[in-house]
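With the input below, show me the fold.
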Amino acid sequence: MVAINSSAAQVLDLGTIREILLSPGPCVTMLLPTYRPGEPAGSPATILKANIQEAAKQLAERSLPKSAIASLLQPLQNIAEDPAFAAGSHWGRAIFRSPNVFQHFYLTNAVVGALLTVGGCFAIRHLAWELSRPRVFHVLALSKTHVALLRCAGLHAEIANLPAGVPETLMEALALKAPDHDLEGRSAVGASTGAMHSVRFGTGSGRERQQAHLADYYKLVDRGLQQTCRESGVPLILAGVEEDVAIYQAGSAYRHLLKNSIPGSPDLIREQTEILKQAYAILRTDAIERQRAALLAAKERMAPPGFITDPDTILRATFEGRVRELYLNERGEKAGVFERGMYQSWGQEDLLNLAAVQTIIHDGKACSLPAEMMPDGLAAIGIMRF
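Numbering: from 1, shown residues only. You can find the predicted model right below:
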């Protein structure tokens, strides 16, 4: 593989967040949007400094000693004063701070908005997508002459070798010796012709011949990817002009090929960040559609007590580890003060977020759906284990 601009940035994921969520309060969460110098919106450093002041005010109102407030917020102040932090970022950030946690991560959702919360737990409700996105996915760039495969993980991408036996160009696949209307080319898919079928490249004339050759070539590529990636379930996103994407999709049998694609002919070397942003937007849309389908299927086959819609009942059940899947309305609201066992609220907080936190702590799945996708506009739905 050929590396393209490696990034050491750590992205938020489920494995990391579960341990962080066990931290006792007070918990300060800050979300910072993307920023490029010169944009009218405030820089991350400006937003962070304002958030620090507001967090100090809220903590003082909740009777936390001044020395404890200063100790809690000092690491955030250090970040705000770092010149590199003011330079901006193509990616949003999440910062988590409590008496025993100080972590910050980049976010793959490019449209995250600024947020500050102070509570008994960290605010992860609007980060649900980050916790369910695939760790690895592929982008396949298509053209009428060749294909290229990009392996993506986090904020890092690299050109990957095509599967063994799959030619990089259409000309290699055709492998014609000389123009002859009676010739036909055959190209084996995979390293061994005994293990896989060949694809026939018939000759004809004009545009129909070109389209047929291209369709056969894309099928060859698709079969190769099936052999190498199908077991691991790696999502595949196409990048190319509409015509090429349509031809590939028409002949593809790859189970994890996403229906939406990156338009145009992106430069896989120079446009890595933009490709990743568009790819993550596609993955997020796909995830939301699949989550909605799963919710509707559960609604059809289940009834109370396995399908719960009362937020208070759901919240209590999350603390008992009884919620397998939690679906939250992105615009749903339920604020309050909650205490149970060792958990103590630090004033009014988002109880739907608390339900999401407890669901994840107990190895459940928390999802956030657009309001129009929630049945009857409900604020929350819990699918119970028992």
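
only C-alpha atoms for contact and neighbour calcs from this point on.
Fine.

how many neighbours does residue 299 have?
Neighbour count of residue 299, defined by other CA atoms under 10 Å: 17.

now it, what's its secondary structure?
At residue 299 the chain is in helix, as set by DSSP: H, G, I helix; E, B strand; the rest coil.

how much space between it and residue 113?
For residue 299, the distance to residue 113 equals 31 Å [CA to CA, to the nearest Å].

So which residues of the protein form helices?
Using DSSP state H, the helices of the chain run over 14-20, 44-61, 66-80, 170-174, 206-229, 242-251, 272-301, 311-319, 351-361.

Now do the first one: which elements does it pack against?
Using 3 or more CA pairs under 8 Å, 6 or more residues apart in numbering; DSSP states H and E as the contact test, the elements touching helix 14-20 are helix 351-361.

so what pLDDT did the residue most central in space within the chain get?
With distances taken as CA atoms, centre = their mean, the chain has residue 133 as the residue nearest its mean C-alpha position (3.5 Å). pLDDT recorded at residue 133 is 90.

And for residue 178?
The predicted structure scores residue 178 at 38 on the pLDDT scale.

Centre of the chain to stretch 309-322, how far?
Its chain's C-alpha centre and that of stretch 309-322 lie 26 Å apart, by CA atoms, centre = their mean, to the nearest Å.

tell me the mean pLDDT over that stretch?
What stretch 309-322 shows for mean pLDDT is 96.

May I see the buried residues of that stretch?
Using 16 or more other CA atoms under 10 Å as the test for burial, stretch 309-322 gives 309, 311, 314-319, 321-322.

Need the contact partners of it.
The contact list for stretch 309-322 (CA atoms under 8 Å, 6 or more residues apart in numbering) reads 308, 323, 351-352, 354-355, 358-359, 362, 364, 378-382, 384-386.

check contacts around residue 381.
Contacts were defined as CA under 8 Å, 6+ apart; by that measure residue 381 touches 307-311, 314, 326-328.

Now distance to residue 170 too, for those residues, in a markdown table please.
As requested, those are arranged in a markdown table below (distance: CA to CA, whole Å):
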| residue | distance to residue 170 |
| --- | --- |
| 307 | 53 |
| 308 | 55 |
| 309 | 55 |
| 310 | 58 |
| 311 | 57 |
| 314 | 56 |
| 326 | 47 |
| 327 | 46 |
| 328 | 47 |
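
pLDDT at the closest residue to residue 159 other than its chain neighbours, what is it?
Excluding its sequence neighbours, the residue lying closest to residue 159 (CA to CA, 6 or more residues apart in numbering) is residue 150, at 4.6 Å. Per-residue pLDDT puts residue 150 at 94.
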